[in-house]
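1. Here is my input; please provide its structure:
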Amino acid sequence: MHPKTAAWDDRLKSMFDEIDHELEDHYHGHWTLRRNRPARGQTANPEADGLFNVGVFFTPGYGSTLGRGYLVEIILATEEPVHPEAREAVESHALMLLREKLPIHFPERTLYVDRDGSMYKIHGDFSLGGV
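-> The predicted model follows:
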C-alpha cells in the first residue's frame, strides 16, 4: 500500500473511532448489546465492541450522481428492534459529527457528505497529491 494511502486510511479510521466513541457516550443504555458482542472498551478496536460499528467502505460510484466516495455504514449491535425514528436520530447525529470532524481531520481537502441512496457518502477531493 502506498504510504499516502496508508496515512489517509489511518486518519479516516481515527475520525470514525472518535465518532463511534461519541455515539457510544450519547446512546449508552438505549439498547442492549447482542449476546456475542463484547462491551464497550473490551477490545482494542471500537468497531469490534460496544453498541456501534461506524465505518466506511470505498465505492467507485458507478450509477451514482455523486460519483466515487466512501459510503458511511452505521451498524447497531443489538437484537432489539430499532424504530425508524430512532435509527434516523442516530444517523442524523452521526452525520452532524461527521460534518464537524471532516474539516478537522482533513483540513487540506474539500470533502462533502450527502445522502446517496439509503446511505451517506463522503465525496470530494481524494487525491494523494504529488507521488
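2. drop to CA atoms for contacts and neighbour counts, all remaining ones
-> Will do.
3. any weak-confidence spans in the chain?
-> Segments of the chain classed as low confidence (criterion: pLDDT under 70) are 130-131.
4. just the helices in this protein please.
-> Residue ranges of the helices in the chain, as given by DSSP state H, are 3-27, 84-105.
5. Any idea which of those gets closest to Lys121?
-> helix 84-105 (10.0 Å; Cα to Cα).
6. counting contacts, what elements does the closest one pack onto?
-> Contact here means 3 or more Cα pairs under 8 Å, 6 or more residues apart in numbering; DSSP states H and E; on that basis helix 84-105 packs against helix 3-27, strand 111-116.
7. Tell me which of those lies nearest to Phe126.
-> Counting by Cα to Cα, Phe126 lies closest to strand 111-116 out of these; the figure is 8.2 Å.
8. buried stuff in the closest one?
-> Residues of strand 111-116 classed as buried: 111-113, 116 (neighbour count, 16 or more other Cα atoms under 10 Å).
9. what about Ala77, distance to Leu51?
-> When distances are taken as Cα to Cα, to the nearest Å, Ala77 and Leu51 turn out to be 5 Å apart.
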